[in-house]
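In: Predicted model, plus sequence, below.
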Amino acid sequence: MTSLTGDTDVFSSAPPSGTTPKASVMFVATRQDELPGVYGAAHHRAILAVLDELAAEGWTLSLRRVFDPAAPNTPRALDTGFTHMHDIAGVFEAPDLESALAGTIRLEKAGWARAFRTEWLMGVKEFAPVMGKGALTDHGWSFLALWEWNDQWCEATPEERTEYDFECDIAFKGDLALGVNIAGRHRMDWSHSWHHLGAWEIDGPDTADAAIRGHERVADFKFTTSRHIVGRLAPLADLIAPRYA
Amino acid sequence: MTQSVWIHYSRPRPHWYLLGDKEKQALADAWQAVRDGAKAAGAEFHGRFHIRGQHDFQEVEIWKFAGTTEAFNHWQALCAARYNEFHAFSNNVGLETGT
């Protein structure tokens, strides 16, 4: 048992075994290839080759595939430059923690490190994915939420925390009603200052705003500090294309 | 052969200071038992250092584990003993580069 809190109406523990990937890898990356010669077509090809290897090793490289195992495993990520200091962000799923960390280093060495300065976060899946209503509507966007429990949560009693979880469940049910698909919850605290990651499929930024207003109404943020990222989903191969041929 | 470094930054959360000495000692003993267990299982402890003078955190611990999973399991054991409830923290994990 590695979950930090118990199941709720919306969330249930991720399957403990089987072939489903158990670890997650998140990245937030900023382009740094302003000068010609830093990052070129050969590096781009080498990164894509590593991504092909990771797919063959059991990684999930597209958020869509978390919800639909029949979906293509073509790597996709969030184009975030329009509203964030960083240019791209994304979430992969890896077979285990060992391969998660090793995979980030393989990507960096293939040329990623030349193109981007990157914050990598690794974790384990705590809760199973949850499908929102209207799962077949356009989900061309994604919302990523990192959060940590604050001192007040840590000081609260177990009963107060459980009560809080079920208050937040009201907001999460509202998210599902907005058509949000929630890729479970990922535990990152063992290797980062952020405790958790939530990765969503959404139909656009307005949905993220409406959803977060719902979380504000149930006082979600009385016990957490969070960092939110929104971006349009696009093929990673395009997002990491070199500026200079 | 140890392969993963695990770096743990921490500072006590405010309500730690409100605990009585007996409760503090019981918690500290439980956390030390977790650390001793990790060492007995092969982890290398490279020390705890005071860094408050140049950092948001108060102390940093440096460990080496056989792998990332062992590092995760160590942290999980500390969480099960309520360490994270009484300490703000930031953790890092890394692989030895061999150079």
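Out: Received the coordinates, thanks.
In: alpha carbons only for contacts and neighbour counts from here, please
Out: Will do.
In: Check which residues of stretch A:93-112 are buried.
Out: Going by neighbour count (16 or more other CA atoms under 10 Å in any protein chain shown), the buried part of stretch A:93-112 is A:93-101, A:103-108, A:110-112.
In: go on, stretch A:141-152?
Out: For stretch A:141-152, by 16+ other CA under 10 Å, it's A:141-151.
In: Give me the subset of these that also touch chain B.
Out: Restricting these to those near chain B by CA under 8 Å from any CA of the partner chain leaves residue A:151.
In: Helices of chain A, start to end?
Out: For chain A, helices defined by DSSP state H occupy the ranges A:41-56, A:63-67, A:97-107, A:113-115, A:151-155, A:158-177, A:205-217, A:236-239.
In: List the contacts of the second one.
Out: Contacts to helix A:63-67, defined as CA atoms under 8 Å, 6 or more residues apart in numbering or on different chains, come from residues A:60, A:71-73, A:76, A:91-92, A:129, A:131, A:181, A:183, A:201.
In: Can I get these in a markdown table including pLDDT and neighbour count?
Out: Formatted as a markdown table, these follow (pLDDT from 0 to 100; neighbours: other CA atoms under 10 Å in any protein chain shown):
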| residue | pLDDT | neighbour count |
| --- | --- | --- |
| A:60 | 96 | 26 |
| A:71 | 92 | 12 |
| A:72 | 95 | 12 |
| A:73 | 96 | 18 |
| A:76 | 97 | 22 |
| A:91 | 97 | 25 |
| A:92 | 97 | 22 |
| A:129 | 88 | 21 |
| A:131 | 87 | 19 |
| A:181 | 93 | 27 |
| A:183 | 91 | 22 |
| A:201 | 94 | 26 |
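In: need those in CSV with distance to residue A:211, can you?
Out: Formatted as CSV, those follow (distance: CA to CA, whole Å):
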residue, distance to residue A:211
A:60, 26
A:71, 26
A:72, 28
A:73, 28
A:76, 23
A:91, 20
A:92, 23
A:129, 17
A:131, 15
A:181, 12
A:183, 15
A:201, 12
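In: what about stretch A:25-36, distance to the chain center?
Out: Stretch A:25-36 sits 17 Å away from the centroid of its parent chain (CA atoms, centre = their mean, to the nearest Å).
In: how about that stretch: buried residues?
Out: A:25-31, A:33.
In: Return the subset of those lying in strands.
Out: Within these, residues falling in strands by DSSP state E are A:25-31.
In: After the longest helix belonging to chain B, heading C-terminal, what element do we hit next?
Out: Counting residues, the longest helix in chain B under DSSP H turns out to be helix B:21-40. Downstream of helix B:21-40, the next assigned helix or strand under DSSP states H and E is strand B:44-50.
In: What residues does chain A have near chain B?
Out: A:2, A:97-98, A:101-102, A:151, A:154-155, A:189-194.
In: now the residues you listed in CSV, with pLDDT and distance to residue B:46?
Out: Formatted as CSV, those follow (pLDDT from 0 to 100; distance: CA to CA, whole Å):
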residue, pLDDT, distance to residue B:46
A:2, 65, 26
A:97, 92, 23
A:98, 92, 22
A:101, 94, 22
A:102, 93, 23
A:151, 94, 28
A:154, 93, 28
A:155, 94, 31
A:189, 95, 21
A:190, 94, 18
A:191, 94, 18
A:192, 94, 20
A:193, 92, 21
A:194, 95, 24
